[in-house]
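J.: Any chance you could fold what I've pasted below:
(chains A and B)
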Amino acid sequence: MAKVLVVTSGKGGVGKTTSTAALGAALAQIGQTVVVIDFDVGLRNLDLVMGAERRVVFDLINVTQGVAKLQQALIRDKRLENLWLLPASQTRDKDALTDDGVKRVIAELKTKFDWILCDSPAGIERGATLAMRYADEAIIVTNPEVSSVRDSDRIIGMLDSKTVRAERGERVEKHLLITRYDSARAARGEMLSIDDVLEILATPLLGIVPESQDVLKASNVGSPVTLNNAASAPARAYIDAVRRLMGETVPMTVPVARKSLMNRLLRRRAA
Amino acid sequence: MDASTQTARQPVRMRGRSYVAFVFTPVVPIVTWLADIDATLARSPGFFTGKPVVLDLSSVDLSPTAIAHLLASLDQRNIRVLGVEGVNGDKLTPNMPPLLTGGRPSGLTAAEAENYPQTKTKTRTRTKSASLLLDSPVRSGQSIVFPDGDVTVLGSVGSGAEIVAGGSIHVYGTLRGRAMAGINGNSSARIFCQRIEAELLAIDGYYQTAEQIGEALRNQPAQAWLEGEELRITPLN
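T.: Reported below is the predicted structural model:
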């Protein structure tokens, strides 16, 4: 049974695209056939994070408008043969997306894939609403910080009212993914705690991804962090999140600042 | 204690308020008219109890003794007369109800008044819709508008969410958004919440923003109500 999963947040820069690529790759690594769709028409980035920017010929808009066939627009990943990308158009804007077009594309993808991951653009306008419109499940990406949490709350409200499932009186299953969690700053009280975020959003937690240089390194070489360095802390967090998505019970660990003593020693020596 | 001395020093406030009164217009012969009243009372005893009743004597010419007798007859039927109109003030003795002037007709007609006992049961069944129950959190950006009565939320009200109610607002969770109660001029409406972190609280148009809400109240169970023209917020318990 194909599942449509939207990765959304409301706020920009919280890690939607990074998370879509990392989760898509992690799902493909355990044998699922996966397509990741970039809904950020006009500001596409998923192709870069996936390392497929040089191979884009046709895009989502071409397919929704019937200019190209789905098979022509889908790009197969070089590293994983069951991971595919449907890129966005960079020359158009979100008004080029139509409800009917998206509906047709998703229905066709559902016959071919186990997982359809929709990378939502920031905001609550056409791009974001169409990315979530046909979703069965949603991952809400949140940073432990007030503006991101409030925007996520807004998006959860929209998932409960603007999706096809909500309109039919069904539920979109929601998962919270906390990203860019900085354990040192959290310990100093400079960030919202995990408990605060969960209390405000009242949504089950899928995982906590620590702030890490590994994420930036992976993006720069055009590789999902789960493929680039599967042993890194963020990759392990994404892999655990995928196991939870598949229904496994994996204990949740809150990242702690382990290097603090080392850092203090090093800093003292440097000074 | 300080508060009580303060309120004692405040000047007495006079306020106008209008009520709908039943106006009795007796006609001669008075005995027959009283029999009609008795028939109404037989159908629905206690119908006039607690209702303001005004006696309009413009269509009859009664002596002070006859007026006293009529008032006594009504008193026997548990109908207390609030005032008398349509008569020369000389005819009223000091222990009679005062003379009233300036009455205006209201929308309530005799036919409606007679049907009142039956319609009352009907409105009872309709009062179900006088409250709105929400069993999931109200998210940022959502606006719940319910001018007909109370709103109860089982869950939190997010920052940037808004609840507007004709009656009171009850939040069994944290109130982080805006709550506006008693929007149709219901100054007795209140706002209750399990934890107060509200952006704005308003009752009958009088409001307080987050900055005006005392720091000591935050994160506690609290209620807000209107005292005169001042919005008061106090902890619950």
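J.: how about the strands of chain A, start to end?
T.: A:3-8, A:34-38, A:75-76, A:83-86, A:115-119, A:137-142, A:173-181, A:205-210 (DSSP state E).
J.: okay, those strands, which one's buried deepest?
T.: Of the strands of chain A, the one with the most neighbours on average (mean count of other C-beta atoms under 10 Å in any protein chain shown) is strand A:34-38, at a mean of 28. For the C-beta atoms, the positions are set from N, CA and C on the backbone; glycine is no exception.
J.: what sits up against it?
T.: The contact list for strand A:34-38, computed with C-beta atoms under 8 Å, 6 or more residues apart in numbering or on different chains, reads A:17, A:20-21, A:24, A:27-28, A:44-47, A:50, A:60, A:74, A:82-88, A:105, A:109, A:112-119, A:131.
J.: Please save the CA atoms from it in PDB.
T.: Extracted in PDB, the C-alpha atoms of strand A:34-38 (Å, rounded to 0.1, in the frame of the first residue of the first chain):
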ATOM      1  CA  VAL A  34      10.800   5.700  -2.700                       C
ATOM      2  CA  VAL A  35      10.100   8.900  -4.700                       C
ATOM      3  CA  VAL A  36      10.900  12.300  -3.300                       C
ATOM      4  CA  ILE A  37       9.000  15.200  -4.900                       C
ATOM      5  CA  ASP A  38      10.100  18.800  -4.700                       C
END
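J.: strands paired with that strand, and their directions?
T.: With DSSP bridges as the criterion, the sheet partners recorded for strand A:34-38 are strand A:83-86 (parallel), strand A:115-119 (parallel).
J.: Domain map for chain B?
T.: Following automatic domain parsing, one finds the domains of chain B at B:22-91, B:117-235.
J.: quick one: which of those is nearest A:Ser152?
T.: Of all the domains of chain B, domain B:117-235 sits nearest to A:Ser152, with 8.3 Å by C-beta to C-beta.
J.: quick revisit: can you add mean pLDDT and give the strands of chain A back as CSV?
T.: Formatted as CSV, these follow (pLDDT from 0 to 100):
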stretch, mean pLDDT
strand A:3-8, 98
strand A:34-38, 98
strand A:75-76, 96
strand A:83-86, 97
strand A:115-119, 98
strand A:137-142, 98
strand A:173-181, 97
strand A:205-210, 96
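J.: So which of those is nearest B:Glu199?
T.: Proximity to B:Glu199 (C-beta to C-beta) singles out strand A:137-142 among the strands of chain A, at 20.1 Å.
J.: so what's the residue in chain A positioned nearest to chain B closest to, chain neighbours aside?
T.: In chain A, the residue that lies nearest chain B is A:Gly157 (2.9 Å; C-beta to the nearest C-beta). Spatial nearest neighbour of A:Gly157, excluding adjacent residues (C-beta to C-beta, 6 or more residues apart in numbering or on different chains): B:Arg139 at 2.9 Å.
J.: rewinding a little: out of the domains of chain B, deepest packed?
T.: Of all the domains of chain B, domain B:117-235 has the most neighbours on average by mean count of other C-beta under 10 Å, namely a mean of 18.
J.: ok, which residues in chain B are in contact with chain A?
T.: Selection of chain B residues close to chain A by C-beta under 8 Å from any C-beta of the partner chain yields B:136-142, B:155-156, B:158-161, B:174, B:176.
J.: Between its first and last residues, how far does stretch A:63-78 reach?
T.: Length of stretch A:63-78, first residue to last, C-alpha to C-alpha, to the nearest Å: 22 Å.
J.: Likewise for stretch B:207-227?
T.: End to end - C-alpha to C-alpha - stretch B:207-227 spans 12 Å.
J.: Can you find the helix or strand of chain B with the lowest average pLDDT?
T.: helix B:110-126 (a mean of 41; mean pLDDT, DSSP states H and E).
J.: neighbours around A:Thr111, how many?
T.: 7 (other C-beta atoms under 10 Å in any protein chain shown).
J.: quick one, what contacts the spatially closest residue to it that is not a sequence neighbour?
T.: Using C-beta to C-beta, 6+ apart and skipping the chain neighbours, the partner closest in space to A:Thr111 is A:Ala2 (7.5 Å). When contacts are counted by C-beta under 8 Å, 6+ apart, A:Ala2 is found next to A:Leu109, A:Lys110, A:Thr111, A:Phe113, A:Asp114, A:Trp115, A:Ile116.
J.: For A:Ala2, what are phi and psi?
T.: Reported as degrees, to the nearest 10, the phi and psi values for A:Ala2 are phi -70, psi 140.
J.: can you pull the pLDDT of it?
T.: You'll see A:Ala2 listed with a pLDDT of 94.
J.: picking up where we left off before, redo the strands paired with strand A:34-38 as a markdown table? Include distance to A:Gln32.
T.: Below are those laid out as a markdown table (distance: least, C-beta to C-beta, whole Å):
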| stretch | distance to A:Gln32 |
| --- | --- |
| strand A:83-86 | 9 |
| strand A:115-119 | 5 |
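J.: Please tell me how far A:Lys16 sits from A:Thr179.
T.: Per C-beta to C-beta, to the nearest Å, A:Lys16 is found 9 Å from A:Thr179.
J.: brain fart, A:Val56
T.: 26 Å.
J.: What is the burial count for the nearest residue to A:Asn228 once chain neighbours are set aside?
T.: Excluding its sequence neighbours, the residue lying closest to A:Asn228 (C-beta to C-beta, 6+ apart) is A:Ala218, at 3.9 Å. By other C-beta under 10 Å, the residues close to A:Ala218 number 26.
J.: can I assume A:Ala218 is in contact with A:Pro224?
T.: Yes. Here A:Ala218 reaches A:Pro224: they are 6.6 Å apart, a contact under C-beta atoms under 8 Å.
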